[in-house]
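Colleague: Sequence first, then the predicted structure:
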Amino acid sequence: MKSTGVKRRIDELGWIVLPKELRTTLGIYALHFLFAPEPSL
């Protein structure tokens, strides 16, 4: 995956907000949930 240079913080609930341009590029739309296994964080 290509680096975009955008840094996002993870809040206390583990949520992260992705910029609209990135969501559109990756094909992520409203109410999509992304999960990452714990070791990859």
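Modeller: Arrived safely, thanks for sending. Numbering: from 1, shown residues only.
Colleague: For the rest of this, base every contact and every neighbour count on C-alpha atoms.
Modeller: Will do.
Colleague: Just the pLDDT at S40, thanks.
Modeller: Note on S40: pLDDT of 56.
Colleague: ah, wrong one, I meant K2
Modeller: Here the pLDDT value assigned to K2 is 69.
Colleague: Could you do the one 4 residues further on as well?
Modeller: In the prediction, the pLDDT value recorded for V6 is 69.
Colleague: Ok, V17 next?
Modeller: pLDDT recorded at V17 is 80.
Colleague: What's the separation between it and T25?
Modeller: Look at V17 and T25: by C-alpha to C-alpha, to the nearest Å, they are 15 Å apart.
Colleague: what about the residue nearest to the spatial centre of the chain, which SS state?
Modeller: Per C-alpha atoms, centre = their mean, the C-alpha nearest to the average position across the chain is that of L18, at 4.9 Å. State at L18, reduced to three classes by DSSP: H, G, I helix; E, B strand; the rest coil: coil.
Colleague: so what's it up against?
Modeller: Residues near L18 by C-alpha atoms under 8 Å, 6 or more residues apart in numbering: R8.
Colleague: Pull out the buried residues from the helix or strand harbouring T25.
Modeller: Here T25, judged by DSSP states H and E, is contained in helix 20-26. Within helix 20-26, not a single residue qualifies as buried, counting by 16 or more other C-alpha atoms under 10 Å.
Colleague: change the start of the numbering to 9 and stick with it
Modeller: Shifting the count to begin at 9 puts that one at helix 28-34.
Colleague: Pull the residues that contact it.
Modeller: Identification of contacts with helix 28-34 by C-alpha under 8 Å, 6+ apart yields Y37.
Colleague: quick one, what contacts the residue nearest to R16 when sequence neighbours are not counted?
Modeller: Distance criterion C-alpha to C-alpha, 6 or more residues apart in numbering; nearest residue to R16, sequence neighbours excluded, is I24 at 6.6 Å. Each residue near I24 by C-alpha under 8 Å, 6+ apart is listed here: 16-18.
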